[in-house]
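**Student:** Below: sequence and its predicted model.
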Amino acid sequence: MNIVAFCGSPRKNGNTELLLKEAVKGIEDAGRSVQIYNLNIMNIKPCQNCGGCNETGECIFHDDMDQIYDSIRAAHRIILASPIFFFALSAQTKLMIDRCQCLWIERYMLKKTIDGGSLGRKGLLLLVGGMKKDIGITCADACAKAFFRTVSVPENSVLSFMGIDEKGAILGHPTALKDAYDAGKKLVTRE
């Protein structure tokens, strides 16, 4: 089973990364390994909406997205972890998603979907935000759902925590780390 995780937080060892580490621990304890991408340190050029991928489904730019495309295509499970900024996914997360326009072209214009094989494809969205209103979850989840659909992930679950702002504050939440661990383990368990 190929599992890939994208950490979209700019804050090293912040709340988002701590949650992701627990989800990964759950996966590893289930006997699987995870390829983790820290989007904040990657060289990813923004989508230019140039139409260069319209005929082939391949982006004309070659940067760190090349390895991400390969990982997405090979993945049976995808984890997207992001803080919520201004009711949305982080810029780092959105940058990667926007560059998946070529995968959107591939799926919807060229009618090529990514086959998940016998294991299928599932996703997990981890969200952490300082605001206490659920609108941030709703907006961020809508964007993530569009990403998951585009990369042929028909089902995904969402684990979100609001009112968590200070670095490390997630550690004080009574269930967050266990919930993330359990969500990771469940993601790789056949149902």
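**Tutor:** Perfect, thanks for sending it.

**Student:** Is the residue of the chain most remote from its centre in a helix, a strand, or coil?
**Tutor:** Most distant from the centre of the chain: Glu55, at 26.5 Å, with distances by C-alpha atoms, centre = their mean. What DSSP: H, G, I helix; E, B strand; the rest coil gives for Glu55 is coil.

**Student:** Would you work out how far apart the start and end of stretch 149-164 are?
**Tutor:** End-to-end distance of stretch 149-164 (C-alpha to C-alpha, to the nearest Å): 28 Å.

**Student:** In that stretch, which residues are buried?
**Tutor:** Thr150, Val151, Ser152, Val153, Asn156, Val158, Leu159, Ser160, Phe161, Met162, Ile164 (16 or more other C-beta atoms under 10 Å). Bear in mind the C-beta positions are built from the backbone N, C-alpha and C, glycine included.

**Student:** So what touches stretch 96-116?
**Tutor:** For stretch 96-116, the external contacting residues (C-beta atoms under 8 Å, 6 or more residues apart in numbering) are 6, 8, 39, 44-47, 49, 53-54, 56-59, 61, 65, 68-69, 72-73, 76, 89, 121, 143-144, 146-147, 150-152.

**Student:** same for the strand or helix carrying Ala140, what does it pack against?
**Tutor:** Element membership for Ala140 (DSSP states H and E) is helix 135-150. Applying 3 or more C-beta pairs under 8 Å, 6 or more residues apart in numbering; DSSP states H and E, one finds that helix 135-150 contacts strand 77-85, strand 88-89, helix 91-98, strand 122-129, strand 155-162.

**Student:** Enumerate the positions of it that are buried.
**Tutor:** For helix 135-150, using 16+ other C-beta under 10 Å, the buried residues are Gly136, Ile137, Ala140, Asp141, Cys143, Ala144, Phe147, Phe148, Thr150.

**Student:** could you dump the residues you listed to JSON lines with pLDDT and distance to Thr113?
**Tutor:** Converted to JSON lines, the buried residues of helix 135-150 look like this (pLDDT from 0 to 100; distance: C-beta to C-beta, whole Å):
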{"residue": "Gly136", "pLDDT": "78", "distance to Thr113": "30"}
{"residue": "Ile137", "pLDDT": "82", "distance to Thr113": "28"}
{"residue": "Ala140", "pLDDT": "90", "distance to Thr113": "25"}
{"residue": "Asp141", "pLDDT": "92", "distance to Thr113": "22"}
{"residue": "Cys143", "pLDDT": "92", "distance to Thr113": "20"}
{"residue": "Ala144", "pLDDT": "94", "distance to Thr113": "19"}
{"residue": "Phe147", "pLDDT": "95", "distance to Thr113": "15"}
{"residue": "Phe148", "pLDDT": "95", "distance to Thr113": "13"}
{"residue": "Thr150", "pLDDT": "93", "distance to Thr113": "10"}
